[in-house]
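Asker: Structure, please.
(chains A and B)
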Amino acid sequence: MNVIENLRSFKGLILDADGVWFTGHEHRIALPSGEVAILKTRHHQDGQGLSFLRALGISVNEIEGIFHTHAHDDHFNGLTVLLRADHRIKYYATPLVRASVEKKLSALLSMNQGAFNRYFDVHDLEVDTWNDIQGLEVRPAYSPHPVETTIMFFRALWEDGYKTYAHLADIAAFNVLQDMITEDPEANGISKQYFEHVKALYHEPADLKKIDCGGGLIHGKPEDFSSDESSKIIISHSALPFSDAQREIGATSSFGAADLLIAAERDYAKPAAYAHLRDYFPEVPQHELRMLFNCPTVTFNSGSILVKRGECNRAIYFVLSGVMEFIDADAGIHNRLSTGSMAGELSGVLDTESLGTYAARSVVKTLAMPARLYRAFLERNGLLEDLKRNLDMRRFMQRTWLFGEMAWSRSRPRPTHPSSPSATTNCSCSPTATPKSCATA
Amino acid sequence: MTVDKIGPGGFYGAEHILFRKEAHLHARAITAVRGFRVPGSVIEGIPIVHWKLLEIYEKRMRIAHLPA
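Answerer: Numbering: from 1, shown residues only, chains lettered A, B, ... in the order given. Have a look, this model is predicted:
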């Protein structure tokens, strides 16, 4: 089983990556429902966040939510990738952290602070409290740092009690905090009592604990955790190699590696795919959908072509996971598509040549539906005429920069056709235009 | 001053969706134009579309030397 398959089969908490300087900052959690959350992202150039996801075979459109620790650049830049999803990604943070993130993002993007809610589905977390998110519980705790920061503890119930993961992002080294201790309440610094509180917080045992290391005010020291009773400690976040002494305290990890805390007994990818099909055909009876769902799954390696331009494809591919591209080099079209999209739908149904090439940008898992079966399915359910009626609009929209990267869902509200009263008034076309008998689709 | 030429796949009128305000710029059809009128509610919950609208809006404002 490859890494991607592995990641998708988890239930509970998983941790992947760490140890490599720029890839060591993706920490994924599979919620018990199988939905995906990314703890934080780090990248040094715009676009690298997308590369991380692509390397894992995950589209930004598949991300259900994120947990955010603080607004420093290396834990913040990935937000610009998440803004480009086709849905509002759930955003989990304490109100204080969220406020600092909103202010920074608004200033950098010249947008109103309220606009944050347009891009993210905001869920405030209560600090020092277990917040239940679909069976996964998270407890944020404030941690000393130059900006508002929380470390996060996660837990999910399993046979021997809770399985726990402690995410200690950008913590302070104890010697730095000790030097800040003062008995003078008027002076700058921290009290001895606060120092002991932070130390106890950092040392809270967990089944798995990840520490951002490097020393100083903004990164921890592995040596501070030599007496930590956690079952496993992962040391990360440093561009420098760890010493032998440090590697005796905590393990290092590489990109794509995973620590399994709760094993899954079921495949979460298929039910998710069924939900997408359901969304695509909301009016179709379940038994009809099951017929489609019974089609074989076919996996394409990154770079493979699913449907070639000019091909009269005999199969239509419904994307279950991964990232696919639609390319028409002559027309300068290069759109990225993800879960819930179809490759070769129109050309397959109409038995005509594909107008562009569908290529796998990552490992792509699909439901391969014979074109004849899919056409029969549409006919049986009275959808073929509907598809033909909207053919021009769909072809057009799918090739635009604005809408081309969205999965086309039949249940989504659709743009108004020129035939409606609200359409532009300077149309030159017939308001009752019907699909042309195109030679290509 | 012409700040942009809008061809097939292009769009106009994002200000209302983005900021609930009247357009700073005017669009004039220089040939017969067929277009789709997309209600704001259709794209309300789609961040990627908002983002792209914002990109083009800011580009046009820069060219027009108007405050975004």
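Asker: Now chain B against chain A: closest residue?
Answerer: Proximity of chain B to chain A (C-beta to the nearest C-beta) peaks at B:Ala32, 3.1 Å away. (C-beta placed from N, C-alpha, C; glycine too.)
Asker: That residue falls within a strand, correct?
Answerer: No. B:Ala32 is assigned coil when assessed by DSSP: H, G, I helix; E, B strand; the rest coil, not a strand.
Asker: Grab the most central residue of chain B for me.
Answerer: In chain B, the centroid-proximal residue (C-alpha atoms, centre = their mean) is B:Tyr12; its distance is 3.2 Å.
Asker: Wait, it touches B:His26, no?
Answerer: No. Between B:Tyr12 and B:His26 there is no contact under C-beta atoms under 8 Å: 9.2 Å.
Asker: tell me the pLDDT at the residue of chain B closest to chain A?
Answerer: Listed pLDDT for B:Ala32 reads 94.
Asker: would you put the C-alpha positions of the lengthiest helix in chain B in CSV?
Answerer: Ranked by residue count and defined by DSSP state H, the top helix of chain B is helix B:47-63. Written as CSV, here are the backbone C-alpha positions of helix B:47-63 (Å, rounded to 0.1, in the frame of the first residue of the first chain):
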residue,chain,number,x,y,z
PRO,B,47,-13.7,30.9,-2.2
ILE,B,48,-11.7,30.1,-5.4
VAL,B,49,-14.1,32.1,-7.5
HIS,B,50,-14.1,35.0,-5.0
TRP,B,51,-10.3,35.0,-5.1
LYS,B,52,-10.2,35.1,-8.9
LEU,B,53,-12.8,37.9,-9.0
LEU,B,54,-10.6,39.8,-6.5
GLU,B,55,-7.5,39.3,-8.6
ILE,B,56,-9.0,40.7,-11.8
TYR,B,57,-10.8,43.5,-9.9
GLU,B,58,-7.5,44.7,-8.4
LYS,B,59,-5.7,44.4,-11.7
ARG,B,60,-8.2,46.7,-13.3
MET,B,61,-8.2,49.1,-10.4
ARG,B,62,-4.4,49.4,-10.7
ILE,B,63,-4.6,50.1,-14.4
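Asker: any weak-confidence spans in chain B?
Answerer: B:68 (pLDDT under 70).
Asker: residues from it in reach of chain A?
Answerer: Those residues of chain B that sit near chain A, judged by C-beta under 8 Å from any C-beta of the partner chain, are B:8-9, B:11, B:29, B:32-39, B:41-42, B:45-54, B:58, B:68.
Asker: and these, which are buried?
Answerer: The neighbour-count test (16 or more other C-beta atoms under 10 Å in any protein chain shown) marks B:11, B:33-38, B:42, B:46-54 as buried among the residues of chain B next to chain A.
Asker: which residue ranges form the helices in chain A?
Answerer: Under DSSP H, chain A gives helices at A:3-8, A:48-55, A:79-82, A:95-109, A:116-119, A:174-179, A:192-202, A:244-247, A:269-280, A:286-293, A:345-350, A:371-380, A:384-389, A:391-398.
Asker: Which parts of the stretch 201-350 of chain A are strands?
Answerer: Using DSSP state E, counting those that start in this stretch, the strands of the stretch 201-350 of chain A run over A:208-212, A:233-236, A:258-260, A:297-300, A:305-307, A:315-321, A:324-328, A:333-337, A:342-343.
Asker: per-stretch mean pLDDT over the ones you listed, give me the minimum one.
Answerer: Minimum mean pLDDT among the strands of the stretch 201-350 of chain A: strand A:258-260, a mean of 71.
Asker: Packing partners of the longest helix of chain B?
Answerer: When contacts are defined as 3 or more C-beta pairs under 8 Å, 6 or more residues apart in numbering or on different chains; DSSP states H and E, helix B:47-63 packs onto helix A:116-119, helix B:14-19, helix B:40-43.
Asker: and the angle for that helix with helix A:95-109?
Answerer: Angle, helix B:47-63 to helix A:95-109, by axes from the mean of the first three to the mean of the last three C-alpha atoms, to 10 degrees: 40 degrees.
Asker: which residues sit against helix B:47-63?
Answerer: For helix B:47-63, the surrounding residues in contact (C-beta atoms under 8 Å, 6 or more residues apart in numbering or on different chains) are A:83-89, A:109-111, A:118-120, A:401-403, A:405-406, B:3-4, B:11, B:14-15, B:17-18, B:24-25, B:43, B:67-68.
Asker: now for the strands of the stretch 201-350 of chain A, which one comes closest to A:Gly250?
Answerer: strand A:233-236 (3.6 Å; C-beta to C-beta).
Asker: rewinding a little: what's the separation between the residue nearest to the centre of chain B and A:Phe281?
Answerer: Plainly put, B:Tyr12 is 33 Å away from A:Phe281 if you go by C-beta to C-beta, to the nearest Å.
Asker: these two touch, right, B:Val3 and B:Ala64?
Answerer: Yes. At 4.7 Å, B:Val3 counts as touching B:Ala64 under the criterion of C-beta under 8 Å.
Asker: joint contacts of the two?
Answerer: By C-beta under 8 Å, 6+ apart, B:Val3 and B:Ala64 have these common neighbours: B:Leu25.
Asker: check contacts around B:Met1.
Answerer: B:Ala64.
Asker: Mind telling me what element it is part of?
Answerer: Using DSSP states H and E, B:Met1 is not contained in any helix or strand.
Asker: So B:Ile6 sits against B:Ala27, correct?
Answerer: Yes. B:Ile6 is within contact range of B:Ala27, at 6.8 Å (criterion: C-beta under 8 Å).
Asker: hey, what's A:Ile181 bridged with?
Answerer: With DSSP bridges applied, A:Ile181 shows beta-bridge pairing to A:Ile190.
Asker: ok, it touching A:Ser191?
Answerer: Yes. Assessed by C-beta under 8 Å, A:Ile181 is found in contact with A:Ser191 at 6.9 Å.
Asker: can you list the weak-confidence ranges in the stretch 301-441 of chain A?
Answerer: A:406-441.
Asker: Give the bridge partners for A:Ala359, please.
Answerer: A:Ala359 has these beta-bridge partners by DSSP bridges: A:Ile305, A:Glu325.
Asker: Report how many residues lie close to it.
Answerer: When neighbours are counted by other C-beta atoms under 10 Å in any protein chain shown, A:Ala359 registers 20.
Asker: Contact partners for it?
Answerer: A:Ala359 makes contacts with A:Gly303, A:Ser304, A:Ile305, A:Leu306, A:Met324, A:Glu325, A:Ile327, as judged by C-beta under 8 Å, 6+ apart.
Asker: near chain B, which residues of the stretch 1-150 of chain A show up?
Answerer: So the stretch 1-150 of chain A meets chain B at A:83-89, A:109-111, A:118-120 (C-beta under 8 Å from any C-beta).
Asker: redo that, cut-off 6 Å
Answerer: Residues of the stretch 1-150 of chain A lying near chain B by C-beta under 6 Å from any C-beta of the partner chain: A:Leu83, A:Arg84, A:Ala85, A:Asp86, A:Arg88, A:Arg118, A:Tyr119.
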